[in-house]
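> return a 3D structure for these sequence lines:
(2 chains)
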There are 2 protein chains.
Amino acid sequence: METTKFAIPEIIFGRGSLKYAGQCALRHGAKKVFLVSDSGIEEAGWVQRLMDVLAEAGINWIYYPGVTSNPRDYEVEQGAKFYLKNDCDVIMAIGGGSSLDTAKGIAIIASNGGKIRDYEGANRVERPLPPMVFITTTAGSGSDISQFCIITDVERAVKMSIITRTLVPNIAIVDPLILRTKTETLIIQSAVDALAHAIEAYVSRIASPFTEPQSLKAIDLIMRNLQSAVQTRSLDSLEQLSIASIAASMAFSNASLGAEHALAHSLGGQFDMSHGVIHPILLTSVMRFNLDSCVSKMADIGRVILNKNLGSDKETAMEGINKLDEFFASFDVPLKLRQVVNKDDQKHLEPICKMAVNDVCNLTNPRSASWQELLTICEKVW
Amino acid sequence: METTKFAIPEIIFGRGSLKYAGQCALRHGAKKVFLVSDSGIEEAGWVQRLMDVLAEAGINWIYYPGVTSNPRDYEVEQGAKFYLKNDCDVIMAIGGGSSLDTAKGIAIIASNGGKIRDYEGANRVERPLPPMVFITTTAGSGSDISQFCIITDVERAVKMSIITRTLVPNIAIVDPLILRTKTETLIIQSAVDALAHAIEAYVSRIASPFTEPQSLKAIDLIMRNLQSAVQTRSLDSLEQLSIASIAASMAFSNASLGAEHALAHSLGGQFDMSHGVIHPILLTSVMRFNLDSCVSKMADIGRVILNKNLGSDKETAMEGINKLDEFFASFDVPLKLRQVVNKDDQKHLEPICKMAVNDVCNLTNPRSASWQELLTICEKVW
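Residues are numbered from 1 along each chain as shown, chains lettered A, B, ... in the order given. Prediction:
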């Protein structure tokens, strides 16, 4: 086997584990924590709870509340100035992917200088980052586990993927109690994001024996628990989704993703949409496009989804994809692009696909995908 | 779920990955590496190869060759003096469990002072350790992945378990090419050690959803590849065993072990034997002792070993254990204690079992085990 790398943060998982945040910061020498979050998490009371935990540990903090959904380049650049002005030494974020990615972007600029777009792509961050202790409030983005950071370049209207090993946080605290405050929509969108991570990582050109079992574990847990998590909001189901998200993140952080995420980044940048909205629309179409280049692996996915084997790998794979379509249809989510964008936005699809072929995620798609092929996929799901 | 923690090093895996050792040391600020190994690895040429890699990266080193099998307390204490005298900043070890555990022991004393026995048990190391970059030459001990360090206390003639998160190395380089120089005996002993790690971790009282899939993956890979690795010495089989060892180590490092390892530590301390010799003798007997306290989990193990389900969990579990006995018998290894110790050593079994009940591994055994019960197990396999 060619050299493969596997890096994940130290994970502290469990109901009530938020209480360890202070100890975690102290272990990384914190005197003044730079605390990143957003107004939703603040209103839910979690920012105050975290501040109490830090106070108990005798740690000072500066609060940076300026996180918006789908964080923009200028926002992280402003945040970095604020970080440097305040002489902080550890970055802590509590929130969904937007808060955590904002914190990562701030960490990059604060320690490496320049503009965030200088770091787009893989392995372009050279100097070490400040220690990062992250607390996720969703079970999907995986930013608390992964070496990915997604920031919108406003001028080009695209979500940039910034990928480098030093973006793996030092510690990820995952407290399923926090998930209880999430809306039904957010539970679905997060789980579907984790599912797309798991599937794209499994068939990635650089999947490894360290990432593959994590992908399959995540797919299995999401298929078995999402419906009950939405219906019952039981802590047990939410906890299982949370475990699934961690597994999916371990996989995609180290195996990267594929054409579906490349498209989702470009669509999301253009239309300011979250991943979770796009996956039910795009994922199975990209899987069908990829099928012939990875039949045996798609059959593994099918076996997990169907919990059985059909006559041939191809049949198992195809039936698995069909079942996934049914699964998405069982939730109240858009299944066509036209449901989430304006009718006259169809003209944007060509430039979006031209941008998507250059997204770093497209490099690891199991089948080479030209912009014309991506456009065909988008037109099929229009 | 109660709070569970999962910590592993960054892993760099693949044929030829030894070449990254210099870059890895540099990433941790190395100016002068403290390089630990033993004469066997030196004779096989790997120490020189590693020195060449360090030289290419412009890194100085001090070589500490004083590693013996089953490292002793006074040896690591001497090593720590040598480390401090030479102003080193990164500890690198290449070798099997003995070399890596010696390096860990040196790291503890060099940064925390005192005697190594001061740190016996869990979480007793307070100050941070120097960065550690480890290269394993076996596929079993797992010291390159784990938070365990096993050092013999000569006075008490016992292998002490020292367990703490900071003993997880920063980087583990696993290069399957290095495994080709191993003897048949060492391949078997290492794989059997990894198998025992995987099984004991799976049924441990603190197993988690993050450790369980790793255990099952390891069991599966070892059952399917050890025979062919021994017979053909093919690089593919050795590579699979290497992946299995990493998976097993991720599991036991975070889920700890059980009564079988507690006994193996005491027996090993008394008779200066490696784990790999003891597991085929003890493992299935401890599994039978534990069976009723974890039938469903033992059935999971049985399903992986047998690759099928029998009528009930109990049947599947029992047949799995029987199959494991057959598996051990298919190799030319001792299956009774009397084959590996002197006849009049039987009198030592009682003090050995009295020591084993206090081993930290015994705490996580799924069934409470008194010294009398451990003695009964030892007498059964005498």
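
> where do the strands of the stretch 1-150 of chain A begin and end?
Counting by DSSP state E, counting those that start in this stretch, the segments of the stretch 1-150 of chain A that form strands are A:4-6, A:10-13, A:32-36, A:60-64, A:90-95, A:121-122, A:132-136, A:148-153.

> could you dump those strands to TSV with distance to residue B:126, mean neighbour count and mean pLDDT?
Any C-beta I mention is one placed from the backbone N, CA and C, and that applies to glycine too. Written out in TSV, the entries for the strands of the stretch 1-150 of chain A read as follows (distance: least, C-beta to C-beta, whole Å; neighbours: other C-beta atoms under 10 Å in any protein chain shown; pLDDT from 0 to 100):
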stretch	distance to residue B:126	mean neighbour count	mean pLDDT
strand A:4-6	29	20	95
strand A:10-13	17	23	97
strand A:32-36	22	26	97
strand A:60-64	23	16	96
strand A:90-95	20	29	96
strand A:121-122	38	15	90
strand A:132-136	20	28	97
strand A:148-153	34	25	93
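
> now tabulate these in a markdown table and tack on distance to chain B.
Shown next, in a markdown table, are the strands of the stretch 1-150 of chain A (distance: least, C-beta to the nearest C-beta, whole Å):
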| stretch | distance to chain B |
| --- | --- |
| strand A:4-6 | 4 |
| strand A:10-13 | 4 |
| strand A:32-36 | 19 |
| strand A:60-64 | 22 |
| strand A:90-95 | 15 |
| strand A:121-122 | 16 |
| strand A:132-136 | 13 |
| strand A:148-153 | 16 |
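
> would CSV of the ones you listed with distance to residue B:271 be doable?
Written out in CSV, the entries for those read as follows (distance: least, C-beta to C-beta, whole Å):
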stretch, distance to residue B:271
strand A:4-6, 37
strand A:10-13, 37
strand A:32-36, 51
strand A:60-64, 55
strand A:90-95, 48
strand A:121-122, 52
strand A:132-136, 45
strand A:148-153, 51
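
> indicate which one of these is closest to residue B:39.
strand A:4-6 (31.2 Å; C-beta to C-beta).

> hmm, who's touching that closest one?
Applying C-beta atoms under 8 Å, 6 or more residues apart in numbering or on different chains, the external contacts of strand A:4-6 come out as A:165, A:206, A:208, A:210, A:211, A:250, A:254, B:10, B:11, B:12, B:13, B:14.

> who in the stretch 51-200 of chain A is up against chain B?
For the stretch 51-200 of chain A, the residues in contact with chain B under the definition C-beta under 8 Å from any C-beta of the partner chain are A:165, A:176.

> got the phi and psi for residue A:8?
Residue A:8 adopts backbone torsions of phi -140, psi 160, taken as degrees, to the nearest 10.

> what's the neighbour count on the nearest residue to it once chain neighbours are set aside?
On the basis of C-beta to C-beta, 6 or more residues apart in numbering or on different chains, the spatially nearest residue to residue A:8 that is not a chain neighbour turns out to be residue A:250, at 5.3 Å. Close neighbours of residue A:250, defined as other C-beta atoms under 10 Å in any protein chain shown, add up to 31.

> got it, and residue A:343?
7.

> so what pLDDT did it get?
Residue A:343 is assigned 84 on the pLDDT scale.

> separation between it and residue A:337?
11 Å (C-beta to C-beta, to the nearest Å).

> tell me which helix or strand the residue nearest to residue A:8 sits in.
Under DSSP states H and E, the secondary-structure element containing residue A:250 is helix A:235-255.

> quick check, central residue of chain A?
For chain A, the residue nearest the mean C-alpha position is residue A:141 (2.6 Å; C-alpha atoms, centre = their mean).

> what helices or strands is the helix holding residue A:250 leaning on?
strand A:4-6, strand A:10-13, strand A:171-174, helix A:176-179, helix A:184-203, helix A:212-232 (3 or more C-beta pairs under 8 Å, 6 or more residues apart in numbering or on different chains; DSSP states H and E).

> name the SS class of the residue of chain A most remote from its centre, please.
Of all residues in chain A, the one whose C-alpha sits farthest from the chain's mean C-alpha position, using C-alpha atoms, centre = their mean, is residue A:311 at 34.6 Å. Three states are possible here, and by DSSP: H, G, I helix; E, B strand; the rest coil the one that applies to residue A:311 is coil.

> okay, the contacts of strand A:4-6 in CSV with distance to residue B:179 next?
Formatted as CSV, the contacts of strand A:4-6 follow (distance: C-beta to C-beta, whole Å):
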residue, distance to residue B:179
A:165, 26
A:206, 23
A:208, 18
A:210, 17
A:211, 22
A:250, 25
A:254, 22
B:10, 20
B:11, 16
B:12, 15
B:13, 12
B:14, 12
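
> and these, which is closest to residue B:307?
The shortest gap between residue B:307 and any of the contacts of strand A:4-6 belongs to residue A:210, at 22.6 Å (C-beta to C-beta).

> tell me how many other residues surround the closest one.
Residue neighbour count, defined by other C-beta under 10 Å, stands at 24 for residue A:210.

> which regions of chain A sit below the pLDDT cut-off?
Across chain A, nothing is flagged by pLDDT under 70.

> wait, what's in contact with the residue of the stretch 251-382 of chain A found nearest chain B?
In the stretch 251-382 of chain A, the residue that lies nearest chain B is residue A:254 (9.2 Å; C-beta to the nearest C-beta). Remark: with contacts taken as C-beta under 8 Å, 6+ apart, residue A:254 is in contact with A:4, A:5, A:6, A:7, A:8, A:147, A:201, A:208, A:210, A:211.

> how about residue A:56?
The contact partners of residue A:56, taken as C-beta under 8 Å, 6+ apart, are residue A:22.

> quick one, domains of chain A?
A:10-178, A:182-380 (automatic domain parsing).

> reformat those domains into a markdown table and put distance to residue B:90 next to each item.
Conversion of those to a markdown table gives the following (distance: least, C-beta to C-beta, whole Å):
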| stretch | distance to residue B:90 |
| --- | --- |
| domain A:10-178 | 15 |
| domain A:182-380 | 24 |
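
> out of these, nearest to residue B:367?
Distances from residue B:367 to each of those were compared by C-beta to C-beta, and the smallest falls on domain A:10-178, at 24.3 Å.

> distance between the ends of the closest one?
Start-to-end span of domain A:10-178 (C-alpha to C-alpha, to the nearest Å) is 19 Å.

> pretty sure residue A:137 contacts residue A:96?
Yes - contact status for residue A:137 versus residue A:96: in contact at 5.6 Å, counting by C-beta atoms under 8 Å.

> coming back round to it: which of the contacts of strand A:4-6 lies closest to residue A:377?
If you rank those by distance to residue A:377 using C-beta to C-beta, residue A:206 comes first, at 22.0 Å.

> how many neighbours does the closest one have?
Counted with other C-beta under 10 Å, the neighbours of residue A:206 add up to 14.

> same check, this time on the one 10 residues further on
The local packing of residue A:216 (other C-beta under 10 Å) involves 19 other residues.

> name the SS class of the residue lying closest to it once chain neighbours are set aside, please.
On the basis of C-beta to C-beta, 6+ apart, the spatially nearest residue to residue A:216 that is not a chain neighbour turns out to be residue A:304, at 5.4 Å. Reduced to three states with three-state DSSP, the structure at residue A:304 is helix.

> isn't residue A:96 right up against residue A:134?
No - Residue A:96 lies out of contact with residue A:134 (C-beta under 8 Å); the separation is 10.9 Å.

> sec struct for residue A:335, please.
Strictly by three-state DSSP, residue A:335 counts as coil.

> number of nearby residues for it?
14.

> does it touch residue A:278 like I think?
No - assessed by C-beta under 8 Å, residue A:335 is found out of contact with residue A:278, at 11.1 Å.

> how about the helices of the stretch 251-382 of chain A, start to end?
In chain order, the stretch 251-382 of chain A shows helices spanning A:259-271, A:275-290, A:295-306, A:313-329, A:349-356, A:371-380, with DSSP state H, counting those that start in this stretch as the criterion.

> and among the ones you listed, the most buried is which?
Mean neighbour counts were compared across the helices of the stretch 251-382 of chain A using mean count of other C-beta atoms under 10 Å in any protein chain shown; the top stretch is helix A:259-271, at a mean of 27.
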